[in-house]
Structure formats: C-alpha cells, structure tokens
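> what follows is a predicted protein model with its sequence.
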Amino acid sequence: MTFNIQTSANHYARASKLTPSGVHSSTRAKAPHPIYFSKGKGGEVWDVDGNRYLDLIMGNGAIMLGHGDQAVQESVQNALGTGLTTGIESELAVEVAQQFLDIVSTMNMVRFANTGTEAVMHALHVARHHTGKVRLAKMEGSYHGWSDELFISCWPDMSKNGSPDAPVSLAGSLGLHPSMVDSTMVLPFNDVERTQKLIEQHANELAAVILEPVLIDIGYIPPTTEYLKALRDLCTKHNIVLIFDELLTGFRVAPGGASQAYGVVPDLATYGKVLANGYPMAALAGKENLMRLTEPGQGPVFVGTFNANVIPLAAAHATLPQLKDGSVQATLNDRTKKLKSIFSEEATSLNIPAQLVGEGGHLHWYFSDQTITDYRSATSTNAKAYAAFNQVLSDSGVLVMANPLSHHAISLGHHDDVITELGAIFREGLKAAASAFN
Ligand SMILES: Cc1ncc(COP(=O)(O)O)c(C=O)c1O
C-alpha cells in the first residue's frame with residue numbers, strides 16, 4: 001500500500017526548524033519524517049493526509065479503552081465546563097482516590113502526580129528517608145522513566161553489560177549524573193540465586209529494589225511467582241523498600257495490577273498510563289506508614305503544580321469503573337489469544353522461531369527459539385526478522401515501534417474486525433520475516 005504523506009512532509013519541514021527532529025518525545029522520530037496525526041477512534045488513527053492506520057502503539061500502552069472512549073470524552077467535557085484546572089483540591093480528586101483504592105486494594109493510600117518518572121522519583125525519596133540508606137537496585141532491562149538514578153541498563157549494550165553474576169550499571173542517556181549511575185545496582189530478572197547474592201552483599205546500602213513486575217518495556221516477560229516472593233522476603237528481611245513500578249502492569253494484568261495477579265504485595269507502587277486512558281496522570285500508592293511520610297513536615301516533599309489536575313482526574317473517573325470487574329481485561333486476553341493462534345499457526349507452517357506474547361492488551365513478538373525470561377534472553381530475538389515483519393506491518397498501515405525490544409498494545413477499541421485484519425497482516429509479516437532466516 002502506498003500512502004500519500006505529503007502534508008506530514010510539509011509539517012515536518014516546519015516542525016524540524018522549531019523542534020529537534022520535529023517530535024516532542026524522541027521515540028517518535030522517524031525516517032524520512034514523522035507522521036502527524038489529526039484524529040483517533042477506537043484502535044484506529046488518521047493522519048493529516050487522511051490515511052487511516054491501525055494503532056498498535058496506543059500511547060505507549062496508556063490507552064486501553066481505545067482512542068476517544070465515549071465515557072471518558074463526556075467526563076472530560078463536563079470537567080471543562082467547571083472552569084477548574086489545577087493548583088487546588090477538588091471533590092473529583094477525593095472520588096478518584098476512592099475508586100483507585102477500591103480497585104488497587106493491596107494499597108492503603110494514594111497520591112496523584114502527572115508522569116511515571118515523577119511518581120517513581122517520589123517512591124525513591126520515601127524509600128531513602130524511611131530506611132536511612134541511599135543506593136537503589138533495579139532489573140536489567142526495566143524502564144522507570146528518565147531520571148538520573150534509574151535510566152540505567154534499560155536496553156544495555158550486550159558487549160558492555162558484563163556477567164549476569166553482577167550486571168554492569170550502564171547509563172541509558174548521555175548527560176546523566178555519573179555518580180548516580182554508578183550508585184544504582186542492576187539485578188538479573190527472574191534469577192533468584194544471583195539476585196539474592198547481590199542483594200545480600202549490598203543490603204546495608206540498599207534503600208529500595210524497584211522492578212516492573214512483568215518486564216514489559218522490553219516486550220513482555222512475566223516473572224516467576226517464586227522470584228517475586230523471594231524479592232519480597234529479602235526486602236522485608238533487610239529493611240529494603242520493595243517498589244513495584246506498575247505503569248504498564250497496573251489495571252491490565254489484573255484490575256489490581258501485578259500485586260493482585262501474583263499475590264505479592266510491595267511496600268510502594270507506582271501507576272499511570274491507563275489510569276486516565278491517555279490523559280497525563282500518575283500515582284504513588286503504598287502502605288499507610290510510608291505514604292504518610294509524604295505529609296508536610298514528616299519527610300520527603302510531595303508537590304506539583306499539575307498534581308490532581310481536574311481534566312486527567314475526570315478521565316480517570318470514567319476509566320476506572322470500566323476496568324474494575326476484569327471484563328475489559330478478559331476481552332483483551334481473548335482477542336490476544338486469537339492473534340496468538342494465527343501467529344503461531346503461520347510461524348509453524350513457515351518453520352520459523354517466532355513467539356507472540358502478552359496479556360491485558362500488551363502484545364509483543366520475539367523471533368527466537370529461546371524461552372525469554374530476562375533481558376539477555378530477549379536479545380536473542382532476530383533483529384532482521386523483526387525489521388522485515390514490521391516493514392510489512394508499516395506498509396499495511398499498522399503503527400509499530402522500530403526497536404525490536406519495544407512493546408505494543410491493543411485496546412477495547414480493537415474490535416473483532418480489526419483483529420481479523422491484523423491477523424491477516426501478521427501472516428504476511430511472518431512470510432517476510434521467514435526470509436531473514438534463509
Ligand atoms: C514501567 C514504566 N515506568 C515508568 C515510565 C515513565 O513514565 P512517564 O513516561 O509517564 O514518565 C514508563 C513509561 O514508559 C514505564 O513504562
């Protein structure tokens with residue numbers, strides 16, 4: 001399919017003089033130029049030239065009900081009518097906090113922020129203040145935003161990341177504070193023995209262990225329950241705060257997120273993304289004694305001009321009730337199952353190692369015959385096959401990420417006809433991927 005994207009090209013000609021690479025988040029940069037969009041509905045978006053795309057990026061996993069969900073739109077319209085925005089408290093904030101804790105019932109208290117990066121930074125401050133310790137430990141391959149202390153070893157260079165016995169802490173960006181990068185320890189996800197050894201060696205220095213309980217920022221890698229339980233026990237034993245970063249697992253792997261799905265409760269947890277179905281909102285939640293440390297005069301500061309802004313709150317107010325009983329999650333799992341069965345049927349008939357993985361609407365494809373359990377096994381994916389598969393998807397009007405270790409998602413707006421269409425495109429993509437193995 002050839003798309004006429006001349007208007008996008010014209011916008012880029014202007015945008016690239018105003019904004020680096022013409023985009024406001026670098027993952028959206030694209031050769032020869034980004035596409036600029038004008039409309040979204042359900043699982044589809046339209047660009048400024050009128051071309052229609054099937055969206056598998058879905059706001060980097062932030063949009064679970066689909067673009068332009070009617071209840072969310074109406075709630076936001078009502079909030080706009082009040083004239084309120086930010087800087088003051090509202091009844092809506094009280095109601096959404098109640099809705100949140102009714103769903104995420106493993107947590108005692110919640111405070112709202114705007115982005116995941118911020119919510120995570122608040123969690124780290126609480127952990128340091130509570131334990132009197134400084135260093136942090138994170139998983140190799142996990143992403144927790146772009147702070148100096150955690151934008152580390154997210155997609156590390158395999159020639160530099162050392163032995164799995166002690167993965168090297170590698171900066172994810174230039175310009176990070178080197179001493180913070182060195183201070184953060186990196187742990188091998190799903191490896192109980194090595195993780196235990198590393199935590200025990202450094203227990204006196206560690207304020208927090210933070211993880212994406214399912215490693216989704218490098219595709220979709222579930223934990224073993226044994227691993228989560230081992231982390232829980234080690235953190236309790238050594239006075240280390242266990243933090244689940246539920247930005248991507250929250251409301252998806254179960255209504256109450258990973259802590260509900262796996263029955264392991266952290267001390268603090270962060271949420272965002274689908275919390276407000278694409279509107280900017282995040283949350284820090286946790287045990288009451290830790291959350292109360294953020295009260296004025298008690299410990300770490302918790303402030304923000306846009307915290308509990310009325311517009312995202314209105315979006316969350318209409319989103320959370322839809323995610324409460326688990327039916328949206330079940331529908332997305334059914335649709336994912338259909339895609340998985342088409343994918344594996346085609347991959348088997350082509351005799352290529354390809355796995356479609358994901359739950360709760362998350363979706364990713366690895367071209368590997370290895371069992372993917374951590375970052376290092378995920379890098380066994382065949383990048384050429386991934387590129388060939390994605391080229392077919394892009395050429396067919398499907399929005400996908402270029403990085404072979406990125407993540408994708410469907411939404412409630414990806415109805416059965418869209419799933420059928422995607423299934424047919426996946427078959428063609430797999431045929432192209434097969435050539436990469438020859
Ligand atoms: C697991 C996880 N944590 C934190 C973040 C950072 O969130 P934000 O982009 O809202 O700052 C992300 C964003 O992709 C994420 O996936």
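Looks like it came in fine. In this text the structure is predicted, and so the values were computed from the model without any measurement.

> quick check: which ranges of the stretch 201-350 of the chain have low pLDDT?
Along the stretch 201-350 of the chain, no part satisfies pLDDT under 70.

> and the strands in it?
206-211, 241-245, 268-271, 282-286 (DSSP state E, counting those that start in this stretch).

> who in the stretch 101-250 of the chain is up against the ligand?
Counting by CB under 6 Å from any ligand atom, the stretch 101-250 of the chain comes close to the ligand at 115-117, 120, 143-145, 212, 217, 245, 247-248. The way it works is simple: take the backbone N, C-alpha and C, and place the C-beta from them, glycine included.

> list buried residues within those residues.
For those, a burial check counting by 16 or more other CB atoms under 10 Å picks out 115-117, 120, 143-145, 212, 217, 245, 247-248.

> quick revisit: and the strands of the stretch 201-350 of the chain: which comes nearest Leu170?
strand 206-211 (16.7 Å; CB to CB).

> select, from the buried ones among the residues of the stretch 101-250 of the chain next to the ligand, the two members most distant in space.
For those, and using CB to CB, no pair is farther apart than Thr115 and Glu212, which are 15.7 Å apart.

> where does the closest residue to the ligand within the stretch 51-200 of the chain land on pLDDT?
Closest contact between the stretch 51-200 of the chain and the ligand, by CB to the nearest ligand atom, is at Gly116 (2.3 Å). Looking at Gly116, its pLDDT is 98.

> hmm, it is touching Tyr143, no?
No. Gly116 lies out of contact with Tyr143 (CB atoms under 8 Å); the separation is 9.0 Å.

> Provide a list of residues in contact with Ile35.
By CB atoms under 8 Å, 6 or more residues apart in numbering, the residues touching Ile35 are 5, 8, 47, 53.

> hmm, I typed the wrong one, I wanted Gly219.
Residues near Gly219 by CB under 8 Å, 6+ apart: 357, 364, 366, 372, 378, 381, 405-407.

> helices along the stretch 101-250 of the chain, start to end?
Assigned by DSSP state H, counting those that start in this stretch, the stretch 101-250 of the chain shows helices spanning 116-131, 178-183, 192-202, 225-237.

> which one of the residues of the stretch 101-250 of the chain next to the ligand is nearest Gln196?
Set against Gln196, the nearest of those by CB to CB is Glu212 (19.5 Å).

> from Val253, how far off is the residue nearest to that closest one when sequence neighbours are not counted?
Of all residues not flanking Glu212 in the chain, Ser142 sits nearest, at 4.7 Å (CB to CB, 6 or more residues apart in numbering). Separation of Ser142 from Val253 (CB to CB, to the nearest Å) stands at 15 Å.

> same thing with Leu412?
Between Leu412 and Val253 the computed distance is 16 Å (CB to CB).

> between those two, who's got more neighbours?
With neighbours defined as other CB atoms under 10 Å, Leu412 and Val253 compare such that Val253 has more, 26 against 22.

> neighbours of the closest residue to Ser183 other than its chain neighbours, just the number please.
Distances taken as CB to CB, 6+ apart put Arg135 closest to Ser183, at 5.3 Å, once the chain neighbours are dropped. When neighbours are counted by other CB under 10 Å, Arg135 registers 17.

> wait, Arg135 touches Asn204, no?
No. Applying CB under 8 Å as the test, Arg135 and Asn204 come out as separate, 9.4 Å apart.

> just the C-alpha atoms of stretch 165-176, please, in CSV.
Presented in CSV, the C-alpha positions along stretch 165-176 are these (Å, rounded to 0.1, in the frame of the first residue of the first chain):
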residue,chain,number,x,y,z
ASP,A,165,26.5,-12.5,38.3
ALA,A,166,26.9,-8.7,38.6
PRO,A,167,25.4,-6.8,35.6
VAL,A,168,27.1,-3.6,34.9
SER,A,169,25.2,-0.3,35.5
LEU,A,170,25.1,1.5,32.2
ALA,A,171,23.8,5.0,31.6
GLY,A,172,20.7,5.0,29.2
SER,A,173,21.5,8.5,28.1
LEU,A,174,24.3,11.0,27.8
GLY,A,175,24.1,13.7,30.4
LEU,A,176,23.1,11.6,33.4
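
> all good on my end, thank you.
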